[in-house]
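1. with the input below, show me the fold.
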Amino acid sequence: MYGWIWRRLPLGLPGKLVGSLLLATATVALLWYVVFPWAEPLLPFDDVQVTQDSGVPGGDSGGDGNAPAGDDHDLPYDTDQNNTPPPTPNR
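-> Numbering: from 1, shown residues only. Got it, this is the predicted structure:
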C-alpha cells in the first residue's frame, strides 16, 4: 500500500517527501480531531465513580478521623520525619 502511494505522488523526490509529510499530517489531524473525539465516549477510561462510602470492607477504621480509610495498622517506622543517617564520605 505504501509503495502504491509513493509511486502515485508527483514531482520527483522533493514532491514525494512533501506529499508524504502532508498525507501523514492529514492522517494525524483526522484521527486527532474526528476519530478520537467520536470514540472517546465509547471507551471506559474515564468511567470511574468516587463516592463517600467506598463500599470496601474494613474501610471505616473508626480511628481518630485523620487516618485514611483502611489505615488501621502500625508502621514499624516514623512517617513524620526522615530518620535516615546522613551520608558518609565513603559511600
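
2. going forward, measure contacts between C-alpha atoms and count neighbours the same way
-> Will do.

3. tell me the first helix or strand C-terminal of the longest helix belonging to the chain.
-> Longest helix of the chain, by residue count under DSSP state H: helix 12-30. On the C-terminal side of helix 12-30, the closest following helix or strand by DSSP states H and E is helix 36-39.

4. quick one on the thing from earlier: give me the mean pLDDT for the longest helix of the chain.
-> For helix 12-30, mean pLDDT is 94.

5. same deal with stretch 74-84?
-> For stretch 74-84, the per-residue pLDDT averages 73.

6. for Phe36, see how far away the residue most central in space within the chain is.
-> Geometric centre of the chain, nearest residue: Phe45, 9.9 Å, by C-alpha atoms, centre = their mean. Distance of Phe45 to Phe36, computed by C-alpha to C-alpha, to the nearest Å: 13 Å.

7. and if you look at Val48?
-> For Val48, the distance to Phe36 (C-alpha to C-alpha) stands at 20 Å.

8. what does Leu75 give?
-> From Leu75 to Phe36 the distance is 45 Å (C-alpha to C-alpha).

9. okay, Val48 and Phe36: which has more neighbours?
-> Neighbours were counted for Val48 and for Phe36 using other C-alpha atoms under 10 Å; Phe36 has more, 11 against 7.

10. pLDDT score for that one?
-> 91.

11. do Gly62 as well
-> On pLDDT, Gly62 comes in at 49.
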